[in-house]
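Peer 1: when you get a sec, could you give me coordinates for this:
(one chain, ligands or ions: 1)
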Amino acid sequence: MAQEDVFRKLVSHCKEYGFVFQSSEIYDGLAAVYDYGQMGVELKNNIKKYWWDSMVLLHENVVGIDSAIFMHPTIWKASGHVDAFNDPLIDNKDSKKRYRADVLIEDFLAKIDDKVDKEVEKAAKRFGDKFDEAMYRETNPRVLENIEKRNEIHERFSKALNDNNLVELRQIIVDCEIACPVSGTREWTDVRQFNLMFSTEMGSTSDGALKVYLRPETAQGIFVNYSNVQKTGRMRIPFGIAQIGKAFRNEIVARQFIFRMREFEQMELQFFVRPGEELEWFEKWKKIRMKWHQALGFGADNYRFHDHEKLAHYANAATDIEYKMPFGFKEVEGIHSRTDFDLKQHEKFSGKRLQYFDPELNKSYIPYVVETSIGIDRMFLSVIAASYHEETLDKGEIRVVMKLPPALAPVKAAILPLIRKDGLSDKAREIMDKLKFNFACQYDEKDSIGKRYRRQDAIGTPYCVTIDHQTLEDNTVTIRERDSMEQKRVSLDLLEQEISEKTKMEYLLKQLI
Ligand code: GAP
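Peer 2: Here you go, the predicted structure:
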């Protein structure tokens, strides 16, 4: 199946089974804003718990906070967001549509890559087993011409971004003859910078209301609480502060479902270290974070690091963890060595001392920071993309199954009386009432057992527990495992243990140690 088809199916599956809905749908929706439904919220909460526990439970020197979304506006001046949190925008004069200039160019580059890949694919089919891809890429004139063209544009593009050269960005669009996807014309305005922060007004004073921003990252809430936490928690360097919360960005190009949203959630860790030790910690956190992703079992080949060519002014090292989404490898998490930039800036703008006295070195300094920052929504997308499977069964029937890691599954066990009669429902209810204190369970007695299995497969329930006439005789049930569809008889005394082994968060967390 083509990757676009997989993605389209995924989006409609998310709606059909209550994972993700378009926000304000009955009013025709609000662009790039999404709501999580009854299944989505459970999956999202489980992802958050996996992250939180891996940070706060497994690291004695990491604690969590929950800071407010509204913060003093000077914070965003100090952090650089007021002056530099911008995207370069360009308008098409005919369609009046607005685009990110860098995205137009990136898409153009991706099209050249596609062309090359298709050319190579065609040749691979033509030559069969004898095909040497590396050699073909190095010698075929059409491929070489396209690669050269791509590299030339890419070089100009990187330089323009690095130099913040908006005139050159426009010129690249003109030179590449990029047309507006709506009007089809090449009538472009100049490129302008557009700040991504949403603002609103707070309270009202005689001088007017205070302009405040909806935070574009949760990190600053950690920086401005660094000293509070360090002192009240008697934290000693190295230590970390973790936070999960909403962030807002007025994204102009918001697309690919929940990949790029205007309201989203982040899980961020700021890890405070001695100056000079930050790059060592950066490497350690890269390993820890990659292990966290890979423990989900979606295959190591689906992840890669992408080191930043252009470092932000505050960073001395940066990489992304990318996951192979149905639309290519994409950033899910960013890991940055942020130096002492943020704390230094907050010391300067607030006038408050943010130094740490290191008893071992007997001196004070502003700590350096290594940040890990992951978007929950992108993580959610990677989890559902990896889990969605269509399988053809014996009689040609298609089974849609979400092979979610059991610890993340919204429902851990479905409780299914074989029929409604003969006291089976009562027995099933009795079992449900026992299990529900420890597991998210769903009781279902409607339709045939086969249909009920399919419904549970579609939401990724790892276990289906069937109560039949034999249950009444010997207190055993059938337990069906989602992926293998294998069934076995289990005594009711052992049922909890059976379900618990793989569905408990502990199962995932133990793989991290
Ligand atoms: N504090 C650092 C920071 O915010 P970032 O690379 O801008 O860094 C971190 O964002 C992560 O937040 C990204 O890797 C991504 O997963 C997520 N993210 C950023 N913008 C997003 C958006 N518009 N929609 C969904 N997730 C987003």
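
Peer 1: which residue does the stretch 251-400 of the chain have closest to the ligand?
Peer 2: Closest approach of the stretch 251-400 of the chain to the ligand (Cβ to the nearest ligand atom) occurs at Gly375, with a separation of 2.4 Å. All C-beta spots, glycine's among them, are computed from the backbone N, C-alpha and C.

Peer 1: buried residues of the helix or strand where Arg126 lies, list them for me.
Peer 2: Assigned by DSSP states H and E, Arg126 falls within helix 101-127. For helix 101-127, burial by neighbour count (16 or more other Cβ atoms under 10 Å) applies to Ala101, Asp102, Val103, Leu104, Ile105, Phe108, Leu109, Ile112, Val116, Glu119, Val120, Ala123.

Peer 1: about what we covered before: and the pLDDT at the residue of the stretch 251-400 of the chain closest to the ligand?
Peer 2: As predicted, Gly375 sits at a pLDDT of 98.

Peer 1: give me the number of residues near it?
Peer 2: Using other Cβ atoms under 10 Å as the criterion, Gly375 is surrounded by 23 other residues.

Peer 1: contacts only, for it.
Peer 2: Counting by Cβ atoms under 8 Å, 6 or more residues apart in numbering, Gly375 makes contact with Phe264, Glu265, Gln266, Val332, Glu333.

Peer 1: which ones among those residues also lie next to the ligand?
Peer 2: Phe264, Gln266, Val332, Glu333 (Cβ under 6 Å from any ligand atom).

Peer 1: filter the residues you listed down to the ones in strands?
Peer 2: Phe264, Gln266, Val332, Glu333 (DSSP state E).

Peer 1: can you put those residues in JSON lines and add pLDDT and neighbour count?
Peer 2: Putting those into JSON lines (pLDDT from 0 to 100; neighbours: other Cβ atoms under 10 Å) gives the following:
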{"residue": "Phe264", "pLDDT": "98", "neighbour count": "20"}
{"residue": "Gln266", "pLDDT": "98", "neighbour count": "22"}
{"residue": "Val332", "pLDDT": "98", "neighbour count": "24"}
{"residue": "Glu333", "pLDDT": "98", "neighbour count": "24"}
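
Peer 1: between those residues, which is nearest His469?
Peer 2: Comparing these against His469 with Cβ to Cβ picks out Val332 as the nearest, at 48.4 Å.

Peer 1: list the contacts of the closest one.
Peer 2: Shown in contact with Val332 (Cβ under 8 Å, 6+ apart): His293, Asp320, Ile321, Glu322, Tyr323, Ile374, Gly375, Arg378, Met379, Ser382.

Peer 1: how about Leu169, what does it touch?
Peer 2: Contacts of Leu169 by Cβ under 8 Å, 6+ apart are Pro88, Ile90, Ala101, Asp102, Ile105, Phe157, Ala160, Leu161, Val191.

Peer 1: and Asn438, by the same measure?
Peer 2: Neighbours of Asn438 in contact, by Cβ under 8 Å, 6+ apart: Glu496, Ser500.

Peer 1: one more time with 10 Å
Peer 2: Counting by Cβ atoms under 10 Å, 6 or more residues apart in numbering, Asn438 touches Lys412, Ala413, Glu496, Ile499, Ser500, Thr503, Lys504.

Peer 1: for the last one, give me the pLDDT.
Peer 2: It refers to Lys504. Per-residue pLDDT puts Lys504 at 96.

Peer 1: cool, and the first one?
Peer 2: We note a pLDDT of 98 for Lys412 in this prediction.

Peer 1: quickly list what Leu210 is bridged to.
Peer 2: For Leu210, the beta-bridge partners under DSSP bridges are Met202.

Peer 1: what are the boundaries of the strands in the stretch 301-450 of the chain?
Peer 2: For the stretch 301-450 of the chain, the strands defined by DSSP state E, counting those that start in this stretch occupy 303-307, 317-325, 328-339, 356-358, 363-365, 368-375, 388-392, 398-402, 413-417, 441-443.

Peer 1: next, Lys310: phi, psi?
Peer 2: phi -110, psi 120 (degrees, to the nearest 10).

Peer 1: oh sorry, the question was meant for Gly208
Peer 2: Per degrees, to the nearest 10, the backbone of Gly208 is at phi 110, psi 170.

Peer 1: also the one 5 residues further on?
Peer 2: Tyr213 adopts backbone torsions of phi -110, psi 150, taken as degrees, to the nearest 10.

Peer 1: point out where this structure drops to low pLDDT.
Peer 2: 205-206, 254 (pLDDT under 70).

Peer 1: residues from it in reach of the ligand?
Peer 2: Residues of the chain lying near the ligand (Cβ under 6 Å from any ligand atom): 217, 219, 249, 251, 260-261, 264, 266, 268, 331-334, 371, 373-375, 377-378.

Peer 1: what about Lys403, how many neighbours?
Peer 2: Look at Lys403: counted by other Cβ under 10 Å, it has 18 neighbours.

Peer 1: should've said Ser227
Peer 2: For Ser227, using other Cβ under 10 Å, the count is 17.

Peer 1: ok, it - contacts?
Peer 2: Each residue near Ser227 by Cβ under 10 Å, 6+ apart is listed here: Leu343, His346, Glu347, Lys352, Arg353, Leu354, Gln355, Tyr356.

Peer 1: let's see 8 Å
Peer 2: Going by Cβ under 8 Å, 6+ apart, Ser227 touches Lys352, Leu354.

Peer 1: and Leu495, what helix or strand is that in?
Peer 2: Assigned by DSSP H and E, Leu495 falls within helix 492-503.

Peer 1: what about the strands in the stretch 151-300 of the chain?
Peer 2: For the stretch 151-300 of the chain, the strands defined by DSSP E, counting those that start in this stretch occupy 192-195, 199-202, 210-213, 239-248, 263-273.

Peer 1: please work out which of these is packed deepest.
Peer 2: Highest mean neighbour count of these: strand 263-273, a mean of 23 (counted as mean count of other Cβ atoms under 10 Å).

Peer 1: what's stretch 209-217 in contact with?
Peer 2: With Cβ under 8 Å, 6+ apart, stretch 209-217 has contacts from 69-71, 73, 76, 81, 85, 196-203, 221, 245-249, 266, 268, 373.

Peer 1: again, only using 10 Å
Peer 2: For stretch 209-217, contacts defined as Cβ under 10 Å, 6+ apart pick out 67-73, 75-76, 79, 81-82, 85, 195-204, 220-221, 245-250, 262-263, 266, 268, 371, 373.

Peer 1: next one: stretch 131-150
Peer 2: Contacts of stretch 131-150 with the rest of the structure, by Cβ under 10 Å, 6+ apart, involve 108-117, 119-121, 123-125, 127, 176.

Peer 1: quick one: the strands in the stretch 1-150 of the chain?
Peer 2: For the stretch 1-150 of the chain, applying DSSP E, counting those that start in this stretch gives strands covering 20-22, 34-36, 62-65, 86-91, 98-100.

Peer 1: out of those, flag the one nearest Phe305.
Peer 2: Once the strands of the stretch 1-150 of the chain are compared by Cβ to Cβ, strand 62-65 is nearest, at 22.2 Å.

Peer 1: just the C-alphas of that closest one, formatted as PDB.
Peer 2: Extracted in PDB, the C-alpha atoms of strand 62-65 (Å, rounded to 0.1, in the frame of the first residue of the first chain):
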ATOM      1  CA  VAL A  62      15.100  14.400  38.400                       C
ATOM      2  CA  VAL A  63      12.000  16.100  39.800                       C
ATOM      3  CA  GLY A  64       8.900  17.400  38.100                       C
ATOM      4  CA  ILE A  65       7.000  20.700  38.100                       C
END
